[in-house]
Structure formats: C-alpha cells, structure tokens
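Q: Show me how the following folds:
(4 chains)
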Protein chains: 2
Amino acid sequence: MSKQAVSRILAALTAGQPCCAPISERRIPAEVAALLAPAFKALGDPVRLQLMSMIASAPGGEICVCDLTPAFALSGPTISHHLRTLREAGLVEAERRGTWVYYRARPQVMRRLASLLSTEVAAGA
Amino acid sequence: MSKQAVSRILAALTAGQPCCAPISERRIPAEVAALLAPAFKALGDPVRLQLMSMIASAPGGEICVCDLTPAFALSGPTISHHLRTLREAGLVEAERRGTWVYYRARPQVMRRLASLLSTEVAAGA
DNA sequence: GGGCTGTCTTGACATTTCTCGAATCAGAGG
DNA sequence: CCTCTGATTCGAGAAATGTCAAGACAGCCC
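A: Modelled structure (predicted):
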C-alpha cells in the first residue's frame, strides 16, 4: 500500500464526528467504503485479530514485539508482516525504544469502527 | 466454507453476553479469533461494505437484490458472490419471495462486532 | 408446457494474501 | 570496530480471493 493511501486512510479514521454515521443509518458512498474497508480487512485475519487484542489489552497500553511473536506458531517475519498490516490500517502505532519495538492501539480508530457498526436497539426487542 | 463452519460462526456471533468482552479488555483466545475474524473479513471489501450499508440502512429493513446489483459496475454473479460471503459471515440473511430475493441485516451480529471494538474512553481525554 | 425474468452456481483466470528463509537494518555492548 | 540480538524488508511459492461468462435453477405469466 502506498504512503499516500495510508495517510488518506488515517485521515479518514481519525477525522471528526460528522464524517461517519453508522452504516445502518445511511448508505456509505463508495469513496468512504474504500477508505474504511482496509481497517476491517486488517481485522479479518485470525492472527491479526489476536495481535490486535493482545496490543489493545496490554497492561500499560503497550506491548513489545518480543512478547507478541512467541505467542504464535509463526515466524518472526510473518508476525512483522501482520503488524505492518495493522499499522497501515491505522489500528496500531509502533515505537522503537532501544533494541525493542513497542506497539500501542489507537483507541480513537477502534471507536470509530465500533460506531460504524452500531445500530439502534429495536424498541420491541 | 463448510456448513458446519458457518453454523459455528453464527452460534458464536449470536451467543449471549458472556462470551465476548471487548478485545481491549482481555486477550481473545485463538479459537474465538478464528470464529470472529470471518465477520470482519467480510466487511473488509469495499463492495461488501457498501452492500452491508445498503442492506442495513434499507427502509423497511430489507432490500431486493434487484436494487443492489445496479448500484455497482459489477456483474450479477459477482454481487451474488459478495452477498453469499456476507451471509456466511452471519451479517445478513436472505429470503426469497416469488421472483425476488430480499436481504436483511442481522443487527445482533453487528452490535456484537461493535462491542468487540469498543474501548474505554480515557479519563483525561 | 413454453418462454421470460431474476438469482445463484460453476468453471476459469488474474490478482492478492499468507507464509517462510535469507538478507538487511537498528541499537547495545564488548 | 566487531559481534550479538531484535525487528523489518526482500524474494519466492502455495493458497485464497475477486471477477466474469456460461449454465442452471426458481418462480411468474401467457
């Protein structure tokens, strides 16, 4: 994915309130769908969903790659690839501190995705 | 996807409260991730995300395939394939009435996915 | 029954994705 | 400077995905 595409996605995901009503309230335009789909796609792999959960639920709000990799029966490069996908989708951010790299979730983005999926609770239900 | 897998996924997505805390609260196990990932994956394509939005926001709660297909520059079989993906992910359900087939969203499932992504709003934010 | 319309399934092909090993990069420490 | 460890990038191969054309199926109407 190009850097331009990544920043467009990030801009869309961190934008203010008005841009993103729940998809059940109003049909989203093709351009918006194209910007949002990569985030859902990133969560659409079991390994990445687990990674996302480990990162988002990490005590202190961050977790070292060295703690993520051994949790899977996958090679280091493969985990790194999945982390890059999550990064490019705007779901996490990375920071290097010395030898180690730490990942943090971006709660704003998660909340935006959650609100897109939210629906009115039916009165009769 | 096998029918067994589909019904496992449906069972997981429509289960009661206790099964699915937000992924930011507790790390989800591999088996749960495997059951949930297909739903996010289904939303991870721009065409399907638009379809989902059109279905979920349809007045009357349902919409005919004949109204979905012309909204895209794609062949009928392709739209049908995407609708099947959404169906197998448990996000929508279909009903044939005479010549036409109508699709409805499954709000329960959407809400479950939304709650998985929900996060505590930081006190200081 | 026969034809018509709308939808789905099948088969095929190009593209993308997932995975790994090898090589590379970034820092720490001798 | 050299080496060692942790993480990423590169290159390649197998598997999955998106798309279409052709065919099959379901239900209407004459």
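Q: Isn't A:M110 up against A:A56?
A: Yes: using CB atoms under 8 Å, A:M110 makes contact with A:A56 at a distance of 6.9 Å. Using the backbone N, CA and C atoms, a C-beta is placed for each residue, glycine as well.
Q: show me where pLDDT drops low in chain A?
A: Within chain A, the stretches with pLDDT under 70 are A:15-19, A:122-125.
Q: Which parts of chain A are helices?
A: Shown for chain A, the helices assigned by DSSP state H span residues A:3-14, A:30-43, A:46-56, A:65-68, A:76-88, A:107-117.
Q: Give me the contacts around the fourth one.
A: This means helix A:65-68. Outside of helix A:65-68, the residues within contact range by CB atoms under 8 Å, 6 or more residues apart in numbering or on different chains are A:L51, A:M54, A:I55, A:I79, A:S80, A:L83, A:W100, A:V101, A:Y102, A:Y103.
Q: Please repeat the previous calculation with a cut-off of 10 Å.
A: A:50-51, A:54-55, A:58, A:76, A:79-80, A:82-83, A:94, A:96, A:99-103 (CB atoms under 10 Å, 6 or more residues apart in numbering or on different chains).
Q: Quick one: residues contacting the residue nearest to A:L74 when sequence neighbours are not counted.
A: Nearest non-adjacent residue to A:L74, counting by CB to CB, 6 or more residues apart in numbering or on different chains: A:V47, 6.8 Å away. A:V47 makes contact with A:71-74, A:78-79, A:81-82, A:85, B:30, B:33-34, B:37 under the criterion CB under 10 Å, 6+ apart.
Q: Next, count neighbours for whichever residue of chain A sits closest to DNA strand D.
A: Using CB to the nearest atom of the strand, the closest approach of chain A to DNA strand D is made by A:P77 at 3.0 Å. When neighbours are counted by other CB atoms under 10 Å in any protein chain shown, A:P77 registers 9.
Q: for the residue nearest to the spatial centre of chain A, phi and psi?
A: Against the mean C-alpha coordinate of chain A, by CA atoms, centre = their mean, the closest residue is A:L91 at 2.5 Å. Main-chain dihedrals, A:L91, degrees, to the nearest 10: phi -80, psi -30.
Q: list the contacts for it?
A: A:13, A:38-39, A:42-43, A:48, A:51-52, A:55-56, A:85, A:103, A:105-106, A:109-110, A:113, B:117.
Q: and these, which are buried?
A: Buried members of the contacts of A:L91, counted by 16 or more other CB atoms under 10 Å in any protein chain shown: A:13, A:38-39, A:42-43, A:48, A:51-52, A:55-56, A:85, A:103, A:105-106, A:109-110, A:113, B:117.
Q: That concludes my questions; thank you for your assistance.
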